[in-house]
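> Mind folding the following:
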Amino acid sequence: MSQESLHSKQLVKNKSKAQSTQQFLDIEQIKDGTVILKNGSLRAVLMVSSINFDLKSSEEQDAIITYYQNFLNSLDFPIQIFISSRKVNLGDYIAQLEARSKEQINELLQLQMEDYIKFISSLGNMTDIVNKNFYIVIPFSPVENKKSTLKEKFYEIFTPKKTMVEQEKKSFEIYKDQLYQRVEYIQYGLNGIGVRMVPLSTQELIELYYSLYNPTSIERLGMAPLEEMAVKTSLYN
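Prediction:
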């Protein structure tokens with residue numbers, strides 16, 4: 001068997017494996033910062049900052065607990081709070097330090113940087129440095145359509161495919177708007193206790209879900225810190 005035949009056979013095998021894996025995933029598609037599940041429901045994911053609760057005074061802690069309790073009681077839809085823990089790969093950081101150390105003219109600063117690089121390297125070898133990210137998953141399920149009448153069934157049969165696609169696109173936009181109304185409500189509700197949030201974009205959602213389904217292949221999510229992400233006060237600005 002030729003090398004080209006073996007290569008083609010391997011590609012077909014990999015493609016078949018990928019398709020069989022996707023059959024077990026609930027995700028149908030990710031677009032416009034929205035996760036679309038196979039059952040037609042939508043999901044938005046917010047990346048959430050943390051607060052130093054232990055450093056607050058007892059009065060502030062009581063106020064935060066009361067505010068958060070009232071916020072949860074005000075919700076008329078479910079939410080999921082998710083914490084992702086990932087081992088931080090210090091390789092890139094150490095490489096940047098080494099490059100800067102070589103460019104350093106001051107010998108004293110160069111020696112200090114070399115000592116710092118050794119300390120970081122030894123620290124990474126002795127213990128696992130874990131980075132935690134906090135997320136809120138917000139769902140929206142479209143209301144099930146009532147059974148089609150005979151007239152509507154005839155309309156569906158003779159409706160051009162292009163028109164049907166346009167209707168599906170219009171329905172998605174409507175459902176997405178309703179989903180992001182919930183997102184805005186969550187942002188507004190938790191803003192009172194000093195928590196900052198930002199919806200994940202399409203690329204960030206792909207990276208997040210890929211890392212969840214491939215925990216051994218990724219040590220760190222390739223997304224910017226919360227401070228560097230564009231936080232929008234209104235989704236419709």
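
> Can you list the buried residues in the top helix by length along the chain?
Assignment by DSSP state H gives helix 161-190 as the longest helix of the chain. By neighbour count with 16 or more other C-beta atoms under 10 Å, helix 161-190 contains the buried residues 172, 175-176, 179-180, 182-183, 185-187, 189-190. Every residue, glycine included, has its C-beta placed from N, CA and C.

> any idea which of these is closest to Ile79?
Of all those, Ile79 sits closest to Ile186, with 6.9 Å by C-beta to C-beta.

> The closest one contacts Ile138, doesn't it?
Yes - with contact defined as C-beta atoms under 8 Å, Ile186 counts as touching Ile138 (6.2 Å).

> which neighbours do these two share?
46, 79 (C-beta atoms under 8 Å, 6 or more residues apart in numbering).

> Could you export stretch 202-217 as CSV, keeping only the C-alpha atoms?
The C-alpha trace of stretch 202-217 is given here as CSV (Å, rounded to 0.1, in the frame of the first residue of the first chain):
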residue,chain,number,x,y,z
THR,A,202,-17.6,32.9,20.1
GLN,A,203,-13.8,32.2,20.1
GLU,A,204,-13.6,32.3,23.9
LEU,A,205,-16.6,29.9,24.2
ILE,A,206,-14.9,27.5,21.7
GLU,A,207,-11.6,27.6,23.8
LEU,A,208,-13.5,27.1,27.0
TYR,A,209,-15.5,24.1,25.9
TYR,A,210,-12.5,22.6,24.1
SER,A,211,-10.5,22.8,27.3
LEU,A,212,-13.4,21.2,29.3
TYR,A,213,-13.6,18.2,26.9
ASN,A,214,-9.8,18.0,26.5
PRO,A,215,-8.5,18.6,30.1
THR,A,216,-5.2,16.8,29.5
SER,A,217,-4.2,18.7,26.4
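
> Name the residues of that stretch that come out as buried.
Buried-residue list, stretch 202-217, by 16+ other C-beta under 10 Å: 204-205, 207-209, 211.

> Report pLDDT for Gln104.
As predicted, Gln104 sits at a pLDDT of 81.

> what do you get for the one 10 residues further on?
The per-residue pLDDT reported for Glu114 equals 86.

> and it, which of the three is it?
helix (DSSP: H, G, I helix; E, B strand; the rest coil).

> Having no further points to raise, I will conclude here.
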